[in-house]
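Undergrad: generate a structure from the sequence data that follows.
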Amino acid sequence: MSTRVAKKGLLVLLLLAPFVAGAAANGDDVLAHGVRDGKAPAWAIAVASSPGWTRDCCTYAKAIGVDAVLYQGEWTGKPERVMVLNVWPRKLATLADELAADRKQYLQRDEAGKATAIRIHNPHMPCRGVVYEGSDRIDDAVVFCDPGAASGIRLSWSMSFADGDVTQRALLDAFMRVATNARYLRYVAPPAAKKS
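TA: Numbering: from 1, shown residues only. Predicted structure coming up:
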């Protein structure tokens, strides 16, 4: 996961972004789900997405090795302007450890990079965010969330932006709505259709 900020512009936008705004939850807003893995029960991540965003868990997301993506327009395969959901089994002791490990890995890859923590207010689970500013002129925002020990998982949302992208504010608003309104659910597969 990577993340960066252009001349503190992204950080300012993130701090001003509406953290708890968003569409109300409904019964069909599950974005991705996974099967039971050892002690971790089957899981689902649900979130309402803004109009104009394509939700994908099973085509492009699988092709790039993530659990889900949200994007606008046509799929380009480029990481900019794409919200990425990653879910993994809990291994590190705390959410702070997840953030520290990501930060260390990022700064090892780009020694001139900067990392700035951001506050995240997800009412459904604890989340922590970071913005990375690197030498590649790509800004990244990453939010790590912990649905609790019983879930057996942790998750992250990430999104990259080209330095100076004129649509950055609108993209960040949409990203923060998703990151702050995502919910963990225990997944129960729908009953199999009866054969006639």
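Undergrad: distance between the longest strand along the chain and the chain's centre?
TA: Longest strand in the chain by number of residues, with DSSP state E as the criterion: strand 153-162. Chain-centre distance of strand 153-162: 3 Å, with CA atoms, centre = their mean, to the nearest Å.
Undergrad: wait, isn't Val143 in contact with His121?
TA: No - judged on CB atoms under 8 Å, Val143 makes no contact with His121 at a distance of 10.8 Å. C-beta here means a position set from N, CA and C on the backbone, and glycine is covered the same way.
Undergrad: thinking again about what came up before, what is the mean pLDDT for the longest strand of the chain?
TA: For strand 153-162, the mean per-residue pLDDT is 94.
Undergrad: list the helices and strands whichever helix or strand comes after that strand packs on?
TA: Scanning forward in sequence from strand 153-162 by DSSP states H and E, the next helix or strand is helix 168-181. On a contact count with 3 or more CB pairs under 8 Å, 6 or more residues apart in numbering; DSSP states H and E, helix 168-181 meets helix 9-16, strand 83-89, strand 127-133, strand 138-145, strand 153-162.
Undergrad: any chance of those in TSV, plus distance to Arg36 and mean neighbour count?
TA: Shown next, in TSV, are those (distance: least, CB to CB, whole Å; neighbours: other CB atoms under 10 Å):
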stretch	distance to Arg36	mean neighbour count
helix 9-16	35	18
strand 83-89	11	19
strand 127-133	24	24
strand 138-145	20	26
strand 153-162	11	23
